[in-house]
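Asker: sequence first, predicted coordinates after that:
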Amino acid sequence: MTDELAWETLDSRTSYTCEGFDIVTDTVCFPSGEEAEFDYLSEGESVVVLPFTADGDVVAIEQWRQPVGRVNWALPAGGMEPEDTDPEDCVARELEEETGYRPRSVEHLTTVEPTNGFADAVFHYFVARDCEPTGEQDLDYNEDIRVETTTFDALVDAARQDELRDGRSMLGVLYFALFGEIEL
């Protein structure tokens, strides 16, 4: 059954491609019968990891973000690869690539579509437990990441004081603070 608010996609094409995302242009028909073009950013699915060490600290990263021209404090995150059949499949890989830490276990926290008015991004949030520095960072050529450990309370305080500016990370930290069980 189609919802009466649904737009019909008449045509779809990729208007622009670059490393990391595409811009897609859909020709759509609104419920009123009027047709128009609608552009959106297509970047696919990603995982965002809230990684706790066995001591209860959080493994966080600092990373340069060109669009805002500064280093941001953040949680490790990365895109799903075509061979990932489930978001959980890429949590350990992305965590190790960015931080050099591997988790003993992972639990799904939540899934969100953070900007579904103009992007098809889907963020799958996971809590990783008992993370240990057993691997080496394997950064992409365009990643410069500094790894730190901190307390979960420090991340919450950073969110409260506008120091945790990365939206993906802010959502993960605050969601866990509100709904997660802290069994460290």
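Answerer: Everything's here; your move. It should be emphasised that the depicted structure is a prediction, and the values quoted were computed from it without experimental measurement. Numbering: from 1, shown residues only.
Asker: for the rest of this, base every contact and every neighbour count on C-alpha atoms.
Answerer: Noted.
Asker: remind me which helix or strand Val91 belongs to.
Answerer: In this structure, Val91 sits in helix 91-99 according to DSSP states H and E.
Asker: so after that helix, what's the next helix or strand?
Answerer: strand 105-112.
Asker: list the buried ones in that following strand?
Answerer: Going by neighbour count (16 or more other C-alpha atoms under 10 Å), the buried part of strand 105-112 is 106, 109-111.
Asker: could I have it exported to CSV, CA atoms only?
Answerer: Written as CSV, here are the backbone C-alpha positions of strand 105-112 (Å, rounded to 0.1, in the frame of the first residue of the first chain):
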residue,chain,number,x,y,z
SER,A,105,32.0,-7.4,21.9
VAL,A,106,29.6,-5.0,20.2
GLU,A,107,25.9,-4.1,20.8
HIS,A,108,23.6,-2.2,18.5
LEU,A,109,22.5,1.1,20.1
THR,A,110,20.3,2.8,17.5
THR,A,111,19.9,3.6,13.9
VAL,A,112,19.1,7.1,12.5
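Asker: and it, average pLDDT?
Answerer: The average pLDDT within strand 105-112 is 96.
Asker: strands paired with that strand, and their directions?
Answerer: strand 122-131 (antiparallel) (DSSP bridges).
Asker: report the angle between the strand it pairs with and helix 91-99.
Answerer: 80 degrees (axes from the mean of the first three to the mean of the last three C-alpha atoms, to 10 degrees).
Asker: and the contacts of strand 122-131?
Answerer: For strand 122-131, the surrounding residues in contact (C-alpha atoms under 8 Å, 6 or more residues apart in numbering) are 44-55, 87-88, 91, 101-114, 168, 172.
Asker: which helices and strands does the helix holding Val91 pack with?
Answerer: With contacts taken as 3 or more C-alpha pairs under 8 Å, 6 or more residues apart in numbering; DSSP states H and E, helix 91-99 sits against strand 45-53, strand 77-79, strand 145-150.
Asker: between those, which one is nearest to Gln63?
Answerer: strand 145-150 (4.8 Å; C-alpha to C-alpha).
Asker: tell me which other helices or strands the closest one touches.
Answerer: So strand 145-150, by 3+ C-alpha pairs under 8 Å, 6+ apart, packs with strand 58-65, helix 91-99.
Asker: in CSV: those, plus mean neighbour count and mean pLDDT.
Answerer: Output for these, formatted as CSV (neighbours: other C-alpha atoms under 10 Å; pLDDT from 0 to 100):
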stretch, mean neighbour count, mean pLDDT
strand 58-65, 20, 96
helix 91-99, 24, 95
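Asker: quick check: buried residues in the top helix by length along the chain?
Answerer: In the chain, taking DSSP state H as the definition, the longest helix is helix 167-179. For helix 167-179, burial by neighbour count (16+ other C-alpha under 10 Å) applies to 168-173, 176.
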